[in-house]
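Participant: Let me see the structure of the following:
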Amino acid sequence: MRLTLFTDYSLRVLLVLASRTGALVTIADITEAFDISQAHLMKVTHALGKTGWVDTVRGRNGGMRLAVDPRKLSLGEVVRRLEADFALVECMGEDNHCVLTGGCGLEAALRQATEVFLRELDRYSIADLVNTSPALAQLALWQPVTWKGLAQRPAAADHSHA
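Facilitator: Residues are numbered from 1 along each chain as shown. As a prediction, the model looks like this:
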């Protein structure tokens, strides 16, 4: 499943903001770090502000910061909220004219796979991703985080033996 660029950029912004807990980050900072369009990031930032996940501060010394605890914001929640359409085939969409609708089983299989995909994403918080991202730590924007520990420990990543 391919996420849209809007969701991709939104996730990058959230990851950066979660790693910069003590400072405002500007759109220009993120544009430079990821070499992506400032116009796209302005739309992303506006949308993230409307979700309540990001606070924006206007003015000369303005910027944005994460408005929620990154340990409580799941990757699945972000993707569900930002992805407008999970219609992978015509029969899953609003303008369905497929002659196989209801008879081939594809729609049911893809809906079930999408649910499994999103449930898997629910296992990870934004904090989990920041805490385990060596690439994010290489960005010029990186700061040591002020919150500690994984919010959720995915079973696949837990190698401890109790």
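Participant: And the helices in the protein?
Facilitator: Assignment of helices within the chain using DSSP state H yields the ranges 5-19, 27-34, 38-51, 75-82, 106-122, 126-131.
Participant: which stretch among these comes nearest Leu139?
Facilitator: helix 27-34 (5.1 Å; Cβ to Cβ). (Each C-beta comes from the backbone N, C-alpha and C, glycine too.)
Participant: Give the other helices and strands that that closest one contacts.
Facilitator: Here helix 27-34 touches helix 5-19, helix 38-51, going by 3 or more Cβ pairs under 8 Å, 6 or more residues apart in numbering; DSSP states H and E.
Participant: Can you add mean pLDDT, distance to Phe86 and mean neighbour count and give these back as CSV?
Facilitator: Shown next, in CSV, are those (pLDDT from 0 to 100; distance: least, Cβ to Cβ, whole Å; neighbours: other Cβ atoms under 10 Å):
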stretch, mean pLDDT, distance to Phe86, mean neighbour count
helix 5-19, 93, 11, 21
helix 38-51, 94, 18, 16
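Participant: between these, which gets nearest to His97?
Facilitator: Using Cβ to Cβ, these put helix 5-19 closest to His97, at 26.9 Å.
Participant: For Ala109, the count of nearby residues, please.
Facilitator: When neighbours are counted by other Cβ atoms under 10 Å, Ala109 registers 11.
Participant: now it: how far from Arg119?
Facilitator: With distances taken as Cβ to Cβ, to the nearest Å, Ala109 is found 16 Å from Arg119.
Participant: picking up where we left off before, and the helices of the chain as JSON lines, adding distance to Asp69?
Facilitator: Converted to JSON lines, the helices of the chain look like this (distance: least, Cβ to Cβ, whole Å):
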{"stretch": "helix 5-19", "distance to Asp69": "9"}
{"stretch": "helix 27-34", "distance to Asp69": "21"}
{"stretch": "helix 38-51", "distance to Asp69": "14"}
{"stretch": "helix 75-82", "distance to Asp69": "13"}
{"stretch": "helix 106-122", "distance to Asp69": "16"}
{"stretch": "helix 126-131", "distance to Asp69": "8"}
